[in-house]
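# Return a 3D structure for these sequence lines:
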Amino acid sequence: MANLRYITRVISGVRFDKLDHVLEKIREKSGQGKVHSFFDILGCAVKYGAGYYDYLMFGFYNMTGRQRDTYLTRVRNKKVIDMMNDPAYSDEFDDKLRFNQRFAPYLGRKTLNGETATLEQFTDFIAGQEAIFAKINHGDCGRGVNKLYVRDYETPAAMLQCIRDNQLVVLEHVLPQHPDMARLHPSSVNTMRILTDLVDGQVHIAYITVKMGRGGGVCDNSGQGGVLCRVDPETGRIISPATDDYFNVYDKHPDTGIPFVGYQLPMVPQAIALAKQAAREIPQVGHVGWDMAITPDGPAIIEGNDFPGTDLCQLAPFYPEKCGLWPYYKELLHLKK
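Below is the predicted model of the structure:
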């Protein structure tokens with residue numbers, strides 16, 4: 001049973017406008033009254049360590065207790081991370097400049113520190129480039145990612161000054177996409193999220209999802225309007241409809257019209273191999289979600305996440321069988337409850 005102190009913390013820190021939004025969404029999806037849902041959410045927090053977003057995203061309103069108990073909830077996810085990831089090494093992932101330096105052989109593209117680069121270095125970096133990506137150093141969920149077009153600036157000096165004024169110090173060349181990834185949504189770099197778990201010298205794959213932009217945006221993250229699907233690691237095919245941050249479900253991409261289920265993603269075995277190789281670089285951080293682009297020449301890592309959320313892998317449309325990831329982690333880490 002999850003620690004009862006979690007309930008106190010949740011209630012004391014809850015944003016009631018968000019909670020009411022979640023209760024309304026649950027009512028729309030299930031017909032379940034708000035009062036009933038509220039007390040059921042509290043019960044799930046006690047029994048399974050679930051937050052109210054867990055309850056909605058995983059579809060707890062339509063599950064038995066046994067089914068609910070299979071999900072990697074907020075509290076359980078924190079337990080896994082505490083067991084597998086040494087916080088002393090967090091900056092190797094959270095600091096994008098450090099990450100790009102440490103994992104340079106895996107990136108498949110040139111990068112530059114926009115804070116320390118000389119004008120000459122920056123001019124060489126943008127030479128021959130139509131555009132570059134410029135990011136804040138500690139952004140997450142797709143925030144602070146900008147695609148800057150060289151033609152929009154009179155001189156390299158003006159472009160570099162704009163970058164520094166906006167603290168967009170992580171500079172990267174734009175990766176060309178494999179045609180089968182670009183078809184899904186051409187204007188964004190669509191990526192796979194591959195979660196690796198390094199245990200006793202062996203790297204295990206917990207799940208793979210594919211994230212796609214929409215509406216002409218350059219970012220694939222669902223927090224910035226994108227959609228995502230579940231992928232079968234064995235076949236590399238999409239095996240679920242897509243969903244977004246507003247809990248909408250899509251059988252095909254809302255912009256390109258491409259059907260999701262059965263779509264074959266390219267180079268999945270190579271992407272898994274690259275993720276497994278990268279997972280051994282910092283063994284003190286064993287639980288990592290790798291965002292992976294696929295270029296015509298092979299996979300390339302965009303970033304690694306040492307605190308991957310539980311939502312990307314267990315959203316209700318992904319698991320119609322209503323069985324989450326908690327049994328996998330209980331077996332992997334020899335947990336009793």
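
# Where does Leu72 sit: helix, strand or coil?
Put simply, Leu72 is coil when judged by DSSP: H, G, I helix; E, B strand; the rest coil.

# pLDDT value on it, please?
The per-residue pLDDT reported for Leu72 equals 96.

# Now it. Nearest residue, chain neighbours left out?
Nearest non-adjacent residue to Leu72, counting by CB to CB, 6 or more residues apart in numbering: Leu325, 4.3 Å away. In this view, the C-beta of every residue, glycine as well, is placed from N, C-alpha and C.

# show me the contacts for that neighbour.
Contact partners of Leu325, counting by CB atoms under 8 Å, 6 or more residues apart in numbering, are Thr70, Tyr71, Leu72, Ala206, Tyr207, Thr310, Cys313, Gln314.

# Between these, which sits nearest Met267?
In terms of CB to CB, no member of the contacts of Leu325 lies closer to Met267 than Tyr207, at 17.7 Å.

# what is the mean pLDDT for the helix or strand hosting Ile132?
Using DSSP states H and E, Ile132 falls within strand 131-135. Throughout strand 131-135, pLDDT has a mean value of 94.

# Given it, what are its sheet partners and their directions?
Strand 131-135 pairs in its sheet with strand 145-149 (antiparallel), strand 170-173 (antiparallel), by DSSP bridges.

# Quick one: list the elements packing against the helix or strand just after the last one.
Right, the one you point to is strand 170-173. Next in sequence after strand 170-173, counting helices and strands by DSSP H and E, comes helix 179-182. The contact analysis (3 or more CB pairs under 8 Å, 6 or more residues apart in numbering; DSSP states H and E) places helix 179-182 against strand 287-295.

# Each with direction, which strands does the strand it packs on pair with?
Using DSSP bridges, the strands paired with strand 287-295 are strand 191-199 (antiparallel), strand 298-305 (antiparallel).

# Can you list the low-confidence ranges for the chain?
Counting by pLDDT under 70, the chain shows low-confidence ranges at 1-14, 139-143, 219, 221-224, 337.
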